[in-house]
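> what's the 3D shape of this:
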Amino acid sequence: CLDSDADGVCDDADNCVGTANPNQEDADNDGIGDACDDCQDVDQDQVCDDVDNCVGTANPEQEDADNDGIGDACDDCQDVDQDQVCDDVDNCVGTANPEQEDADNDGIGDACDDCQDVDQDQVCDDVDNCVGTANPEQEDADNDGIGDACDDCQDVDQDQVCDDVDNCPDDPNPDQLDSDGDGVGDECDNCPECFNPDQGDIPGDMDGDCDVDRDDVYVIRDHLDLSASEYPGYDIDEDGEITILDALKIKCMMDFVCTTVVPEPEDCE
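Predicted coordinates:
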């Protein structure tokens, strides 16, 4: 029995003729003993173990997406963006986001979120008129670019006076002129020279011109003896008839100064 390497294994059966390999170890089962195998390949992927990035796991193309020296086939923590967060738990795979910030809690990290939505109203922050306050319909009554939900100064008429203190919220009235001091600005006051904060009709003003004068007496005169049920507004004394007494009531209230309290019909006896 010829045994060139004197390892106790005859050359014709020795997997390392010329190199002692008494136990005939052959980790990669390629028929070449470990002691003389210049390219051990345990996983038999045709890549020698000393240069294989996945020794023990076949990775013939040597893929290594995160370039960490550990092949994809055996990498328990692939980290493509190299932010020290494994891809399987990374909220921004492919974009470094080491702190895993996610302001809108949508599971997509801030670093790669094309639609951050902090208030979760389904409107992206970069076009949301109320970032941080839900305003899903993007209502903006005063068209100032600040949504109603977060607008501390809504100004519907855009006169630079906030609606909550504007005496004419729907009509521009930047100087807030209120000639009669009734809290309603001249611009929207139905009688700007007559104190009528409730904007109701002025007693005795039959022709609607915001004062009580001889013209109103003439209006009553033109309705004398007509049915009070048909023209209830002309029955000043509410006696069921339209008579000269109603005209006299109007005369009593004539020359009413609008900034004072108008006398009621019952005060003109």
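> low-confidence ranges, this structure, go.
For the chain, the stretches flagged by pLDDT under 70 are 255-269.
> ramachandran angles for S227?
Phi and psi for S227, reported as degrees, to the nearest 10, are phi -70, psi 120.
> can you give me every residue that contacts it?
By CB atoms under 8 Å, 6 or more residues apart in numbering, the residues touching S227 are I242. (Each C-beta comes from the backbone N, C-alpha and C, glycine too.)
> what separation do you get for it and I242?
From S227 across to I242, the span is 8 Å (CB to CB, to the nearest Å).
> looks like N21 contacts D34 (just checking).
Yes: at 6.9 Å, N21 counts as touching D34 under the criterion of CB atoms under 8 Å.
> neighbour-wise, which of the two wins?
Each of N21 and D34 has its neighbours counted (other CB atoms under 10 Å); N21 has more, 22 against 16.
> now do that one against L2, distance only.
16 Å.
> likewise A228?
In terms of CB to CB, A228 sits 145 Å off from L2.
> kindly report the same for D37.
Distance from D37 to L2, by CB to CB: 22 Å.
> settle it for me: which of the two has more neighbours?
D37 (21 against 8).
> distance of the residue nearest to D164 when sequence neighbours are not counted relative to D140?
Spatial nearest neighbour of D164, chain neighbours left out: Q154 (7.6 Å); criterion: CB to CB, 6 or more residues apart in numbering. Distance, Q154 to D140, by CB to CB: 9 Å.
> likewise for D38?
Computed as CB to CB, the D38 to D140 distance reads 76 Å.
> pick out whichever of these two has more residues nearby.
For D38 versus D140, neighbours defined as other CB under 10 Å are more numerous around D140 (17 against 7).
> which of the helices or strands spans that one?
Using DSSP states H and E, D140 sits in no helix or strand.
> got the contact list for it?
Here D140 is in contact with N129, I146, G147, D148, D151 (CB under 8 Å, 6+ apart).
> and for the second one, the neighbour number?
If you count neighbours by other CB under 10 Å, I146 ends up with 17.
> what sits against the closest residue to it other than its chain neighbours?
Leaving out its chain neighbours, the residue that sits closest to I146 by CB to CB, 6+ apart is N129, at 6.1 Å. Contact analysis of N129 by CB under 8 Å, 6+ apart lists N135, Q138, D140, G145, I146, G147, C150.
> count the residues that sit near the second one.
Taking other CB under 10 Å as the criterion, the count of residues near Q138 is 14.
> in which helix or strand would I find the nearest residue to it once chain neighbours are set aside?
Spatial nearest neighbour of Q138, chain neighbours left out: N129 (5.5 Å); criterion: CB to CB, 6+ apart. N129 belongs to no helix or strand when assigned by DSSP H and E.
> quick one: the helices in this protein, in order.
214-221, 244-252 (DSSP state H).
> turn those into JSON lines, columns for mean neighbour count and distance to V47.
Formatted as JSON lines, these follow (neighbours: other CB atoms under 10 Å; distance: least, CB to CB, whole Å):
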{"stretch": "helix 214-221", "mean neighbour count": "17", "distance to V47": "109"}
{"stretch": "helix 244-252", "mean neighbour count": "19", "distance to V47": "112"}
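> which among the ones you listed is found nearest to D81?
Closest approach to D81 among the helices of the chain is made by helix 214-221 (84.5 Å; CB to CB).
> run the chain-centre distance for the closest one.
60 Å (CA atoms, centre = their mean, to the nearest Å).
> same check on stretch 102-119?
With CA atoms, centre = their mean, you get 13 Å for stretch 102-119.
> gap between the two ends of that stretch?
In stretch 102-119, first residue to last residue: 12 Å (CA to CA, to the nearest Å).
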